[in-house]
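K.L.:
Predicted model follows, preceded by the sequence.
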Number of protein chains: 2
Amino acid sequence: MTIGSFYPPQRTLMGPGPSDIYPQVLQALSRPTVGHLDPTFIGMMDELKQLLQYAFQTQNAFTIAVSAPGSAGMEACFVNLVEPGDKVIVCRNGVFGERMRENVVRCGGEAVMVDNAWGEPVDPQRVEEALQANPDAKLVAFVHAETSTGALSDAKAIAEVARRHECLTVVDAVTSLGGVPLLVDEWQLDAVYSGSQKCLSCVPGLSPLTFSPKAIAKIEARTTPVQSWFLDQSLVLGYWSGEGKRSYHHTAPVNSLYALHEALVLLKNEGLEQAWQRHRDAHQALKAGLESLGIEFVVEEAHRLPQLNAVYIPQGVDDAAVRATLLNRYNLEIGAGLGDLAGKAWRIGLMGYAARNENVALCLKALESTLK
Amino acid sequence: MTIGSFYPPQRTLMGPGPSDIYPQVLQALSRPTVGHLDPTFIGMMDELKQLLQYAFQTQNAFTIAVSAPGSAGMEACFVNLVEPGDKVIVCRNGVFGERMRENVVRCGGEAVMVDNAWGEPVDPQRVEEALQANPDAKLVAFVHAETSTGALSDAKAIAEVARRHECLTVVDAVTSLGGVPLLVDEWQLDAVYSGSQKCLSCVPGLSPLTFSPKAIAKIEARTTPVQSWFLDQSLVLGYWSGEGKRSYHHTAPVNSLYALHEALVLLKNEGLEQAWQRHRDAHQALKAGLESLGIEFVVEEAHRLPQLNAVYIPQGVDDAAVRATLLNRYNLEIGAGLGDLAGKAWRIGLMGYAARNENVALCLKALESTLK
């Protein structure tokens, strides 16, 4: 066995994530590692918390990054908020709603499913009906931006329905954070998680997470222990808390947190609204080009995510062969379909640093040449 | 709020981890991100698996890195191997044995504690007695190298006892991997987890993990679902498996895996035995110097970890003030005491890249000057 250093190719990442990383983020990533209790690092974490509050548009004191990918952020919400026997309304319109159901069940909760077809947004009216039929429900869980289909749901409307029925909300904002408006406080969302590797254009491996005071109150009122030690947020808070002495929970992923800090500084400097507009602009340019190639979108125009464009593979086109050509000839990655859309759709990401004219141009020209 | 880029100081890391990172590892970390299903990345993961098998000295097909810190590696072992009602012998001689107990209980298992004093190794005879008293035990869990005390336990002897009683072993090798002999196959250990940020001198955030065929068989024979979706290793295996098509589970922490790959290439090039010897040599040099300063070790000589030196703080010395001086004047981090040893001991790490003459010299001279 002789294995040498690994030198990856320089790809353009326009799949469902990881997205293209900001060069400044890769630089930040490789800065000298300090101890996870170093005073300079603790200062950095305090800033990171403020930057995450900005990105989420929240004043929630509990706003951190879970030391693991978005899937662990999802699990952190459910293991902390669901107690055995709790009834949870779970909205499912793609892969990640189904994953939420899995989480609820593994926590000993009861999942009541509200289904919409793949590619459709969650229908708040169906959520209303499910809550009327299940007045004992404690939580409503839904995906804001479905990465598997490219559909955007109306988080504000769903949260209003949940609130009328005195339910807390668990919101998957993995693909929405930084790409489309997400106003945690204004919309009164309770537990919201995201991922570092989508519209923040940071490396994968971290999951931004915020809990409202109401979510914290539910956690504090638990009568059963959280089943996960690693994701028990009452323990994690002892480390992230700025008040008094920090207690050791686990070793923070120091360098990855540098990278997330840098990605959020870039977002703050650009401004959230400007970032949202940039995603919309890139989407419009991509859309015009795709339509002129005769390629159709999976999602109705009104509910399309600008940052994740799920489009039908044209009739007679070899899915894998096209993606291989894009990768091998243009170093361009676009995403395959997932779940119900496997083999039927491509997912073209315009997330974060990838939402640029040069990316759109490359993607359109490479697709045009490959499909000829 | 004006927050700029974060520029950490250049520290010398001689605490309990993270340890000094190899410069080559930081370079690898910042290479261009590729997709987590990119063919080049999948090839890198296959190499990484082989390199981990070398580091663990195992042929176990299930040898991966959990996409989260060592605490999650610990939890991955327990959530997969413990079913509700399972009795687990848990050896406790420091912080991490107690954390194992927490994990067992949160999985619905019954923990039978085998205690040794802090600073002592686990006594295999006590494990034998516990197993005789609990013939229905399914697992024996212990910490190979206790990071909180610097004590090395005899993993081979404990595993032999467990095997005689038909128990599987769960072994915490967070601080031992790469620093002292750890022979997973020869000692017939069943579930062994580690961390990236100790003697591998990689950035924190990943947990190498290996399961023996017997551990896999126990997982396959489960009658209850694994309570964690994120850490369900039967799902994770679908992504790491080299056979056939990879299925998506979660987005791998691409860049951190580059770094681990590089750290393991460095370990392979040096050779495990040479790395163990280097740790012993650095320890001998540190020990001689500390003794000449009148500083005493917590652990008896026969059971000391070369890579983690827990020493009593000399009488009348201000713990926090000394560590602050080392940090501020010399950019040198040593570790505080943890748990029972908080305020009583320092923990001086000589892990991986930190096990070098220049580190020993700096530490001894800085301590000598500060203690004067």
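P.N.:
All right, it came through fine.
K.L.:
Next one: the closest residue to residue A:172 other than its chain neighbours from residue A:74, what distance?
P.N.:
With Cβ to Cβ, 6 or more residues apart in numbering or on different chains as the criterion, residue A:172 has its nearest non-adjacent residue at 4.1 Å, and that residue is residue A:143. Every C-beta, even on glycine, is put in place using the N, C-alpha and C of the backbone. Taking Cβ to Cβ, to the nearest Å as the measure, residue A:143 falls 10 Å from residue A:74.
K.L.:
Need the overlap of contacts for the two.
P.N.:
Counting by Cβ atoms under 8 Å, 6 or more residues apart in numbering or on different chains, the contacts common to residue A:143 and residue A:74 are A:96, A:100, A:172.
K.L.:
hmm, back to that, higher neighbour count, residue A:143 and residue A:74?
P.N.:
Neighbours per residue, other Cβ atoms under 10 Å in any protein chain shown: of residue A:143 and residue A:74, the larger number sits with residue A:143, 33 against 29.
K.L.:
so the more buried one touches residue A:97, yeah?
P.N.:
Yes: using Cβ atoms under 8 Å, residue A:143 makes contact with residue A:97 at a distance of 5.5 Å.
K.L.:
intersection of neighbour lists for these two?
P.N.:
residue A:91.
K.L.:
Using the record's assignment, carve chain A into domains.
P.N.:
Listed by automatic domain parsing, the domain ranges of chain A are A:12-18+A:271-371, A:24-268.
K.L.:
Dump those domains to JSON lines, plus distance to residue B:185.
P.N.:
As requested, the domains of chain A are exported to JSON lines (distance: least, Cβ to Cβ, whole Å):
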{"stretch": "domain A:12-18+A:271-371", "distance to residue B:185": "35"}
{"stretch": "domain A:24-268", "distance to residue B:185": "28"}
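K.L.:
could I get those domains as a markdown table with mean pLDDT?
P.N.:
Putting these into a markdown table (pLDDT from 0 to 100) gives the following:
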| stretch | mean pLDDT |
| --- | --- |
| domain A:12-18+A:271-371 | 97 |
| domain A:24-268 | 96 |
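K.L.:
which ones are touching the residue nearest to residue A:172?
P.N.:
Here residue A:143 is in contact with A:91, A:93, A:94, A:96, A:97, A:100, A:122, A:153, A:171, A:172 (Cβ under 8 Å, 6+ apart).
K.L.:
residues contacting residue A:317?
P.N.:
residue A:371.
K.L.:
Quick check: the gap between it and residue A:292.
P.N.:
Counting by Cβ to Cβ - residue A:317 and residue A:292 are separated by 16 Å.
K.L.:
Just say helix, strand or coil for the closest residue to residue A:89 other than its chain neighbours.
P.N.:
Using Cβ to Cβ, 6+ apart and skipping the chain neighbours, the partner closest in space to residue A:89 is residue A:140 (4.5 Å). Assigned with DSSP: H, G, I helix; E, B strand; the rest coil, residue A:140 falls in the strand class.
K.L.:
just checking, residue A:140 touches residue A:162?
P.N.:
Yes: the criterion here is Cβ under 8 Å, and residue A:140 meets it with residue A:162 at 3.9 Å.
K.L.:
which neighbours do the two share?
P.N.:
A:89, A:127, A:131, A:168, A:169.
K.L.:
Touching stretch A:175-183 from outside, list them.
P.N.:
Residues from elsewhere that reach stretch A:175-183, judged by Cβ under 8 Å, 6+ apart: A:16-17, A:55-57, A:144-147, A:152, A:155-156, A:173, A:192, A:194-195, A:198-200, A:208, A:267, A:272, A:275-276, A:279, A:305-308, A:351-352, A:355.
K.L.:
Let me know how buried residue A:145 is, in neighbour terms.
P.N.:
30.
K.L.:
Could you report the separation of it from residue A:18?
P.N.:
When residue A:145 is compared with residue A:18 (using Cβ to Cβ), they lie 16 Å apart.
K.L.:
try residue A:204
P.N.:
Distance, residue A:204 to residue A:18, by Cβ to Cβ: 5 Å.
K.L.:
More neighbours: those two, which one.
P.N.:
Each of residue A:204 and residue A:18 has its neighbours counted (other Cβ under 10 Å); residue A:18 has more, 32 against 28.
K.L.:
thinking that one is in contact with residue A:197, fair?
P.N.:
Yes: because the distance of 4.0 Å satisfies Cβ under 8 Å, residue A:18 is recorded as touching residue A:197.
K.L.:
Which neighbours do the two have in common?
P.N.:
The contact lists of residue A:18 and residue A:197 share A:203, A:204, B:251, where a contact means Cβ under 8 Å, 6+ apart.
K.L.:
Point me to the helix or strand that includes the first one.
P.N.:
Translated: residue A:203. Using DSSP states H and E, residue A:203 maps to neither a helix nor a strand.
K.L.:
I'd say it and residue A:30 touch.
P.N.:
No: between residue A:203 and residue A:30 there is no contact under Cβ under 8 Å: 10.8 Å.
K.L.:
So those two - more neighbours on which side?
P.N.:
Using other Cβ under 10 Å, the more surrounded residue of residue A:203 and residue A:30 is residue A:203, with 27 against 22.
K.L.:
what sits against the more buried one?
P.N.:
So residue A:203 contacts A:18, A:21, A:25-26, A:29, A:196-197, A:256, A:259, B:33, B:253-256 (Cβ under 8 Å, 6+ apart).
K.L.:
at 10 Å what do you get?
P.N.:
Residue A:203 is in contact with A:18, A:21, A:25-26, A:28-29, A:196-197, A:255-256, A:259-260, A:263, B:29-30, B:33, B:253-256, B:258, counting by Cβ atoms under 10 Å, 6 or more residues apart in numbering or on different chains.
K.L.:
Roughly how far does residue A:218 sit from residue B:53?
P.N.:
44 Å.
K.L.:
what do residue A:203 and residue A:30 both touch?
P.N.:
Jointly contacting residue A:203 and residue A:30 under the rule Cβ under 10 Å, 6+ apart are A:255, A:259, B:29, B:30, B:255.
K.L.:
returning to that earlier point: and the gap between the residue nearest to residue A:89 and residue A:146?
P.N.:
Distance from residue A:140 to residue A:146, by Cβ to Cβ: 16 Å.
K.L.:
Out of these two, name the residue with the larger neighbour count.
P.N.:
Legend: neighbour count by other Cβ under 10 Å for residue A:140 and residue A:146, higher for residue A:146 (34 against 27).
K.L.:
What is the neighbour count of the nearest residue to that one once chain neighbours are set aside?
P.N.:
Distances taken as Cβ to Cβ, 6+ apart place residue A:94 nearest to residue A:146, at 3.8 Å, with adjacent residues excluded. A count of neighbours around residue A:94, defined by other Cβ under 10 Å, yields 28.
K.L.:
Now do residue A:94 against chain B, distance only.
P.N.:
Separation of residue A:94 from chain B (Cβ to the nearest Cβ, to the nearest Å) stands at 13 Å.
K.L.:
swap in residue A:128?
P.N.:
Distance from residue A:128 to chain B, by Cβ to the nearest Cβ: 28 Å.
K.L.:
check contacts around the nearest residue to that residue once chain neighbours are set aside.
P.N.:
Nearest residue to residue A:128 in three dimensions, chain neighbours excluded: residue A:161, at 5.0 Å (Cβ to Cβ, 6+ apart). Neighbouring residues of residue A:161 by Cβ under 10 Å, 6+ apart: A:89, A:124-131, A:140, A:154, A:167, A:169.
K.L.:
Likewise for residue A:24?
P.N.:
A:201, A:259, A:262, A:263, A:265, A:266, A:353, B:5.
K.L.:
run the last query once more with 8 Å
P.N.:
A:262, A:266, B:5.
K.L.:
same thing with residue A:262?
P.N.:
Contacts of residue A:262 by Cβ under 8 Å, 6+ apart are A:22, A:24, A:25, A:27, A:28, A:29, A:202, B:5, B:6.
K.L.:
I appreciate the help and will end here.
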